[in-house]
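>>> coords please:
(2 chains, ligands or ions: 2)
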Amino acid sequence: MVRFENVGLRYGMGPEVLKDINFSIAPRSFQYLTGPSGAGKTTLMRLVLMALKPTRGLVNLFGQDVSRLDADTLTAFRRRMGVVFQDFRLLDHLTVYENVALPLRVLGKEETSYRAEVVELLRWVGLGERMHAVPPVLSGGEKQRAAIARALIGRPELLLADEPTGNVDPGLGRRLLRLFMELQSLGTAVVIATHDLTLMELYDAPRLVLADGHLHVDA
Amino acid sequence: MHEPDGHEHEHEERALPSNLRRDQPLVPVDSVAGRALMAVIAILTFLAALSAGAAVLAARASEQWRGAVANEMTIQIRPDSRRDTQSDVARAVAMAQAVDGIEAVRAVPKAESDKLLEPWLGTGLDLVELPVPRLIVLKLKSNASPDLASFGAALRRELPTAILDDHRLWVRRLSTMASTIILSGTVVVLLVLTAAALAVAFATRGAMAGSRDSVEVLHLVGANDAFIAREFQSRFVRLGLRGGAIGGLAAIVVIALLGWLASSLSAAPEAEQLQALFGAFEIGWSGYAAVILVATVVAAIAGLVSRFTVRHYLRILA
Ligand SMILES: Nc1ncnc2c1ncn2[C@@H]1O[C@H](COP(=O)(O)OP(=O)(O)O)[C@@H](O)[C@H]1O
Ligand SMILES: [Mg+2]
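Ligands and ions are numbered 1, 2, ... in the order given. From the prediction side, this is the model:
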């Protein structure tokens, strides 16, 4: 469902952050994206999300060349993906409930039509008591879980999670990892960007390793 | 992935806090900037509505003058003890009837013109002794332009006591004044609408620049441009509606107050002069409709301009 061919990216006039990237993500697969801090993991995810355009090479999403997408298709593709940002990017003036419901709300759905679903998911990630709080008063781990819930609520075909266990204690980290595995077993392709070796040892899966701007697959 | 437990779920539904905020605007509401913009819109609407009201007032008043006196002139015959006023009147009537373009000539009977003076002089006074001028009303044919200058000159030559009073000159002057008021009222309304549009455009730009991050998040969770534009627009339409309503209402109150003042003063003779100029200071339904229209247009402009600005900004971001 995602295919990169000889993709290169530079920010402005800077050096090439990613060089000759070739890889693909199969439906229902599970893989880690790893590499040291600053290696370009977040940049690669932004390319998949079409938040960045590659400076060269070909990005193919759901069978289509993204450089030729019209705005409607781009929106439709984003609705098939869920994303957990490294810095969460929750909207600070909205409650946890509203933040998590956002992907459904932007579809134009009635609030009553998804209320039960959102509440159920919030309880499940342990935020049942915090749904009316706003992000600025949440702990790092609570924000993390809210961000994950927001990525899951639309039942995406592809989940991209950027350092999703970076702010939580190891116990919760394991629970979240189990959540992602369960998600994969229900049919979602999962990519977890992390530099946490202990996490990757908990569950063995193919690793896309970024180093010096190049990517190799460590199966 | 979600625990399928219907029973539990029912319980959860009930447990949903009733004070949970569920549908807040997605665009962060900067209440200070919002209130400032609303105040600007209210003030602009107030000014525009007053101008529109003044224009309607002037239009109605000038219509009244035109209807009443545009086609009339009068000849005054001043009494002169050395002359026979009665025969002077008869002579003037005969001369007027001979002029091409004058449709009807009517000498106002003395009793009638005396009655006109009653409000000033009171009843019971014997006006026979007073040198009250006699009036002859001339009705002009509606499309003719009789040679009034030479008629006036001939009249003066023959009857030194006669004066030809051309209302039309006055009406023309008053009409010019009214047109000036209408024109400047319209210009002020247009200027104010432009100012409102600019204010909303800048405010929208500011709001969007301040919400750049939110806009990107909305895009990435699957919102399309139309959805985001609607979110911004609905906020500015609401601000515009509220500002427009406040400004329009204030204008209506001020106009109604002035009308009330004018009518409560109308017992005094000065007020009649005012009324002669401005009608009864009544802008009527059409005036209030103009005020409401202006307020509505301001709100519509707020919506349109913010929509356009948001779309433009989103295209730049894309
Ligand atoms: N917006 C940006 N502008 C310029 N350089 C950037 C930007 N974002 C990231 N970079 C640079 O690109 C490189 C890769 O960053 P990033 O993708 O965030 O790495 P990672 O997520 O693996 O830590 C870093 O050197 C970083 O400084
Ligand atoms: Mg990163």
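>>> Longest helix in chain A, by number of residues?
Across chain A, the helix with the greatest residue count (assigned by DSSP state H) is helix A:170-185.
>>> Downstream of it, the next helix or strand is which one?
Downstream of helix A:170-185, the next assigned helix or strand under DSSP states H and E is strand A:189-193.
>>> Count the neighbours of residue B:249 for me.
Using other C-beta atoms under 10 Å in any protein chain shown, residue B:249 is surrounded by 17 other residues. The way it works is simple: take the backbone N, C-alpha and C, and place the C-beta from them, glycine included.
>>> same thing with residue B:47?
Residue B:47 has 18 neighbours, counted by other C-beta under 10 Å.
>>> Show me how far the strand or helix carrying it is from its chain's centre.
Using DSSP H and E, residue B:47 falls within helix B:31-69. Chain-centre distance of helix B:31-69: 6 Å, with C-alpha atoms, centre = their mean, to the nearest Å.
>>> name the helices or strands packed onto that helix?
If you count contacts as 3 or more C-beta pairs under 8 Å, 6 or more residues apart in numbering or on different chains; DSSP states H and E, helix B:31-69 packs onto helix B:167-210, helix B:225-264, helix B:269-278, helix B:284-317.
>>> one step back: let me know the angle separating the longest helix of chain A from strand A:189-193.
150 degrees (axes from the mean of the first three to the mean of the last three C-alpha atoms, to 10 degrees).
>>> tell me what helix A:170-185 is packed against?
strand A:30-34, helix A:140-152, strand A:158-162, strand A:189-193, helix A:197-202.
>>> closest to ligand 2 out of those?
Closest approach to ligand 2 among the helices and strands packed on helix A:170-185 is made by strand A:158-162 (5.8 Å; C-beta to the ion).
>>> Average pLDDT for the closest one, rounded please.
Across strand A:158-162, the average pLDDT comes to 96.
>>> Residue A:59 - nearest residue in space that isn't next to it in sequence?
Spatially, and ignoring its direct neighbours in sequence, residue A:59 is nearest to residue A:66 (4.7 Å; C-beta to C-beta, 6 or more residues apart in numbering or on different chains).
>>> returning to what we had before: tabulate the CA atom coordinates of the helix or strand following the helix holding residue B:47 in CSV.
The helix or strand immediately downstream of helix B:31-69 is strand B:72-77, counting by DSSP H and E. Output of strand B:72-77 as CSV, limited to C-alpha atoms (Å, rounded to 0.1, in the frame of the first residue of the first chain):
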residue,chain,number,x,y,z
GLU,B,72,-47.3,74.9,-9.0
MET,B,73,-46.5,78.5,-9.0
THR,B,74,-48.2,81.5,-7.3
ILE,B,75,-48.7,85.1,-8.1
GLN,B,76,-49.0,87.4,-5.2
ILE,B,77,-50.9,90.6,-5.5
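>>> Give me the buried positions along strand B:72-77.
B:72-75, B:77 (16 or more other C-beta atoms under 10 Å in any protein chain shown).
>>> Next: stretch B:292-300.
B:292, B:294-299.
>>> Spell out which parts of the stretch 101-250 of chain B neighbour chain A.
Contact residues, the stretch 101-250 of chain B versus chain A (C-beta under 8 Å from any C-beta of the partner chain): B:213-214, B:216-225, B:227.
>>> For the closest residue to ligand 2 within chain A, what is the enclosing helix or strand?
Ligand 2 sits closest to residue A:42 of chain A, with a gap of 3.2 Å, by C-beta to the ion. When elements are assigned from DSSP H and E, residue A:42 belongs to helix A:41-48.
>>> Report the contact partners of the most centrally placed residue in chain A.
For chain A, the residue nearest the mean C-alpha position is residue A:160 (2.2 Å; C-alpha atoms, centre = their mean). With contact set as C-beta atoms under 8 Å, 6 or more residues apart in numbering or on different chains, residue A:160 has these partners: A:45, A:48-49, A:81-84, A:151, A:191, A:193.
>>> 10 Å - rerun?
Contacts here follow C-beta atoms under 10 Å, 6 or more residues apart in numbering or on different chains; on that basis residue A:160 touches A:2, A:25, A:33, A:44-46, A:48-49, A:81-85, A:151, A:189-193.
>>> Kindly indicate whether the residue of chain A positioned farthest from its centre is helix, strand or coil.
Centroid-distance maximum for chain A: residue A:13 at 27.3 Å, with C-alpha atoms, centre = their mean. With DSSP: H, G, I helix; E, B strand; the rest coil as the basis, the three-state label of residue A:13 is coil.
>>> Give me the pLDDT value at it.
Confidence score, pLDDT, at residue A:13: 92.
>>> Regarding the spatially closest residue to residue A:211 that is not a sequence neighbour, what are the backbone dihedral angles?
Distances taken as C-beta to C-beta, 6+ apart place residue A:35 nearest to residue A:211, at 5.6 Å, with adjacent residues excluded. Dihedral angles phi and psi of residue A:35 (degrees, to the nearest 10) take the values phi 140, psi 160.
>>> residues near residue A:35, how many?
Residue A:35 has 22 neighbouring residues, counting by other C-beta under 10 Å.
>>> And for residue A:136?
Using other C-beta under 10 Å, residue A:136 has 9 neighbouring residues.
>>> For residue 102, give me its contacts.
Just so you know, I chose chain A. Counting by C-beta under 10 Å, 6+ apart, residue A:102 touches A:90-91, A:94, A:118, A:150, A:153-154, B:26, B:217-218, B:221-223.
>>> nope, chain B please
By C-beta under 10 Å, 6+ apart, the contact list for residue B:102 reads B:73, B:95-96, B:138-141, B:144, B:146, B:148, B:151.
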